[in-house]
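Engineer: Got a predicted structure plus its sequence, pasted below:
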Amino acid sequence: MRRRLAVATLVAAAVASTMAGQVLSQDRTAVVAAYTVVGDQIPYLLSGNPGDTGRGRRILVDREIGNCLACHKVAETGEPFQGDLGPDLGNIGRRLTAGQIRFRLVDLSRLNPTTLMPPYHRVEGLTRVATKYADNPVLTAQEIEDVVAYLTTLRQ
């Protein structure tokens, strides 16, 4: 169990490092959107636009942007080398609402302080972040909405 946790921690760190680098390599600066948590969800869109499922799927499978498959399995994608550290996302659209999914993507550590999942839309309070990446969330508000839109369609 201890070895699995150590491996999971290394994977999470590598994922976060890879994703942080991607934010700046696309020559964009993202700001953290204001949001309100209600219970276990963020019920309102982070951006002014609803998400696009096609873009959300691309972000999820992209090994440099979202890199979700490093820790999660989404059989529908048909991608090789999917992870098993996090839950299988194949039925997440039935298990969670869009607001619950949004909250988990933004910062799951607010619900589960021991989670291995990095926050995708938080910058404050993070440690072990290279200075040049410190003020940039991994995913923009619109990218979060795109991933939420895609994940809500997964209803095996």
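Structural biologist: Yep, that arrived. Residues are numbered from 1 along each chain as shown.

Engineer: Any idea how far apart the tips of stretch 84-98 sit?
Structural biologist: The straight-line separation of the ends of stretch 84-98 (CA to CA, to the nearest Å) is 23 Å.

Engineer: Now do that stretch: distance to the chain's middle.
Structural biologist: Between the centre of stretch 84-98 and the centre of its host chain there is 12 Å, according to CA atoms, centre = their mean, to the nearest Å.

Engineer: Stretch 32-43 too?
Structural biologist: Remark: stretch 32-43 is offset 15 Å from the chain centroid, using CA atoms, centre = their mean.

Engineer: May I have that stretch exported as PDB, CA atoms only?
Structural biologist: Backbone C-alpha positions of stretch 32-43 (Å, rounded to 0.1, in the frame of the first residue of the first chain) are rendered in PDB as follows:
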ATOM      1  CA  VAL A  32      -8.600  31.600 -12.000                       C
ATOM      2  CA  ALA A  33     -12.300  32.200 -12.500                       C
ATOM      3  CA  ALA A  34     -14.400  33.300  -9.500                       C
ATOM      4  CA  TYR A  35     -16.800  30.600  -8.400                       C
ATOM      5  CA  THR A  36     -19.100  29.700  -5.500                       C
ATOM      6  CA  VAL A  37     -19.200  26.300  -3.900                       C
ATOM      7  CA  VAL A  38     -22.600  25.000  -2.900                       C
ATOM      8  CA  GLY A  39     -22.400  21.800  -0.900                       C
ATOM      9  CA  ASP A  40     -20.300  19.400  -2.900                       C
ATOM     10  CA  GLN A  41     -20.500  21.300  -6.200                       C
ATOM     11  CA  ILE A  42     -19.800  24.400  -8.200                       C
ATOM     12  CA  PRO A  43     -23.300  24.800  -9.800                       C
END
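
Engineer: Could you pull out the buried residues of that stretch?
Structural biologist: Val32, Ala33, Tyr35, Gln41, Ile42 (16 or more other CB atoms under 10 Å). C-betas here are computed from N, CA, C, even on glycine.

Engineer: before we move on, what about stretch 79-92?
Structural biologist: For stretch 79-92, the buried set under the neighbour-count rule, 16+ other CB under 10 Å, comprises Gln82, Gly83, Leu85, Gly86, Leu89, Gly90, Ile92.

Engineer: With respect to Glu124, which of the buried residues of stretch 32-43 is nearest?
Structural biologist: Glu124 lies nearest to Val32 out of the buried residues of stretch 32-43, by CB to CB, at 8.0 Å.
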